[in-house]
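Chemist: starting from these lines, generate the structure:
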Amino acid sequence: MVDSALAQGLPMEEAPRMPNAAVIGLISLAGAAAATCSLVLALRNDTISADIGEPLVIALLSVWVTTSYILCGLIAWWHRPASRFGPLMIAAGFANFLASLAWTTNEVVFTFGQALDLLPPVLFLHVFLAFPSGRLRGRFDRWLVVTAYVTAIGLELVRMTFGYFGPLNLLEITENADAAQAATRVQLTLVSAYCLTGVGILVARRLRAGRPLRWSLALLADAFGLALVMIAALLMSAAWGGPAVQQIRWATFAALSLAPVAFLVALLHSRLARSSVGDLFVELQADPAPADLRAALARALSDPSLTLAYWLPNYGCYADQDGRLIELPDADSGTATTRIDQGGAHVAVLLHDPALEDESELLSAVTAAAGLGLENGRLHAELRAHVVELSASRARIIDVGQKERQRLERNLHDGAQQRLIALSLELSALEARLADDPEARARLDQARREIATSLEELRDVARGLHPAVVSGHGLEIALEQLAARAPVPVTLAVDLDGRVSESLEVAAFYLVSEGLANIGKHANATTATVEVRRLDGRFIVEVVDNGGGGADTELGTGLRGLADRVEALDGRLRVWSPAGGGTRLRAEIPCAP
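Modeler: Model (predicted):
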């Protein structure tokens, strides 16, 4: 909510021209004349003392409100000609002057000024709700302001027809004090309600956007809310004869005067904030790393939650600096987005606090500067995306291979293995029929032994393709079977507290199987230890032997396949084999608790 926020980016064909010096000079002279006129009218009108208090105090407060709103409106219009906020502030200042025309003794001027008596409060409501663009944001806001205008002016004309304002009132039709009093209470109560509703809208915006990023924004929002609350209090007190009306009127003028002051403070603070863009340019000249680029942008915008998402045209999506795909948030997510274009092409988007949308010029300056350092970051993100895609592709290949191995294992179990078993049973039946032929029985025994050997070899092949025992009975049972068939005594320790995913169990099975096989072939070990556990979100598998060590720690064909399987699960496989110290094989894989 700053000078840079005074417009929300009107299309160029709709944007009004920047006011020239003649226009500014003319409005300034008109404002000075209006303030002088209000001062003179207040001091010369004897009824003010009896009706609203000390003439000089009222005059000075009214002059200050008129002058401050016109002055701040001119500043806003000059810095942001595309915004309607500046002209709206100027209109509020002149409306305050027009209402003071009711202090005159001229019948025509009095009638005109009295008809606009409640226009200033409604215009102030309009100004506060239309900040920073000068446009009301939604249908409800527009309905509220339009209804407030109708109530303020329409009911004022109704009151004047009942002869409530003395002989200067040219609109008097009939004299009815009770009807005028009733209309007054309805009018003032409704306008008070509109102002309090405006406070509710401002509070809702603040809660929806989160904590403002800069103290000046909070000061400005609080000044708006305080002014509306004081207007409502003054009108309600006047409508129902509340106490201390004069003091409330003075406090209301003071509260209204705070808004322009807070606006100027926010304007200055915005200018100072944009000086950080110069530091950002200096940082970008050094071609920072993607992480440093995001941090530099976050500092420049004072938004630690900022995320920089790169547009990857080859993928048709956004990715962060690590190549992870990012879905842009929807409108109700509490996160705002700002596009970054370079050379007419879309290159990135900023995901940031919605409060920054009220600092459009600062945001534009930072995004323009960001274009200098985006290419390196975009290439890095694209490279990381390739790596992520490669990892996902490897995982898919291993998964497809595992499913195919599982299918082959099932076919062997249900096909060839069952036929061999059936053949063995057939031979047993034939042996019973050849009980009187020793030679035939001997040959049948030999055939059954060959079939048994073939069955065992077939089961070994099937287990190598896919460890069905893992799927059926769990990792611990499968590892107990491996330990029982190992070439050396194995101490097995499994601490999992329940089963893990099948992909982890299969990876652990193959790792232990390959490790024990290598121990039998190369380690000259007498014992081995297998440990499987889950620790701090990691699935850990270790195979250790007491052999001679000194093995080649470069991953061979068998271990390379295991490493691929482990890395496809975002894990890491390492091998230690110091001379004389045995060999240690360790895999660590992320595992959800």
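Chemist: what sits up against stretch 571-587?
Modeler: The contact list for stretch 571-587, computed with Cβ atoms under 8 Å, 6 or more residues apart in numbering, reads 507-508, 511, 515, 518-519, 523, 525, 539-553, 555, 559, 562-563, 566-567, 588-590. Where you see a C-beta, it was placed from the backbone N, CA and C, and this is true even at glycine.
Chemist: same question for stretch 83-91.
Modeler: Here stretch 83-91 has contacts from 6-8, 10, 16, 27, 31, 69-70, 72-80, 123, 126-127, 130-135, 260, using Cβ under 8 Å, 6+ apart.
Chemist: which of these are buried, as a PyMOL select command?
Modeler: To isolate the buried members of those in PyMOL, using 16 or more other Cβ atoms under 10 Å:
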select buried, resi 6+7+8+10+27+31+69+70+72+73+74+75+76+77+79+80+123+126+127+130+131+132+133+134+135+260
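Chemist: next secondary structure element downstream of the helix or strand of the chain with the lowest mean pLDDT?
Modeler: When the helices and strands of the chain are scored by mean pLDDT, DSSP states H and E, helix 47-51 comes last with a mean of 48. For helix 47-51, the succeeding helix or strand toward the C-terminus, using DSSP states H and E, is helix 55-79.
Chemist: any idea of the mean pLDDT for the helix or strand just after that following helix?
Modeler: For helix 55-79, the following helix or strand on the C-terminal side (DSSP H and E) is helix 85-99. If you average the pLDDT over helix 85-99, you get 88.
Chemist: cool, and stretch 534-554?
Modeler: Averaging pLDDT along stretch 534-554 gives 83.
Chemist: may I have it as PDB, with CA atoms only?
Modeler: Extracted in PDB, the C-alpha atoms of stretch 534-554 (Å, rounded to 0.1, in the frame of the first residue of the first chain):
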ATOM      1  CA  ARG A 534      14.700 -48.600  10.100                       C
ATOM      2  CA  LEU A 535      16.300 -45.500  11.600                       C
ATOM      3  CA  ASP A 536      15.300 -41.800  11.400                       C
ATOM      4  CA  GLY A 537      13.300 -42.200   8.200                       C
ATOM      5  CA  ARG A 538      16.000 -44.400   6.500                       C
ATOM      6  CA  PHE A 539      15.900 -48.100   5.600                       C
ATOM      7  CA  ILE A 540      19.400 -49.500   6.300                       C
ATOM      8  CA  VAL A 541      20.800 -52.800   5.000                       C
ATOM      9  CA  GLU A 542      24.300 -53.900   5.900                       C
ATOM     10  CA  VAL A 543      26.200 -57.100   5.000                       C
ATOM     11  CA  VAL A 544      29.600 -57.400   6.800                       C
ATOM     12  CA  ASP A 545      32.100 -60.300   6.700                       C
ATOM     13  CA  ASN A 546      35.400 -61.000   8.600                       C
ATOM     14  CA  GLY A 547      37.400 -61.900   5.500                       C
ATOM     15  CA  GLY A 548      40.600 -60.500   4.200                       C
ATOM     16  CA  GLY A 549      39.200 -57.400   2.700                       C
ATOM     17  CA  GLY A 550      41.100 -55.500   0.000                       C
ATOM     18  CA  ALA A 551      38.300 -56.100  -2.500                       C
ATOM     19  CA  ASP A 552      37.800 -53.800  -5.400                       C
ATOM     20  CA  THR A 553      35.200 -51.300  -4.200                       C
ATOM     21  CA  GLU A 554      34.200 -50.300  -7.700                       C
END
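Chemist: off-centre distance for that stretch?
Modeler: Stretch 534-554 has its average C-alpha position 43 Å from the chain's average C-alpha position, going by Cα atoms, centre = their mean, to the nearest Å.
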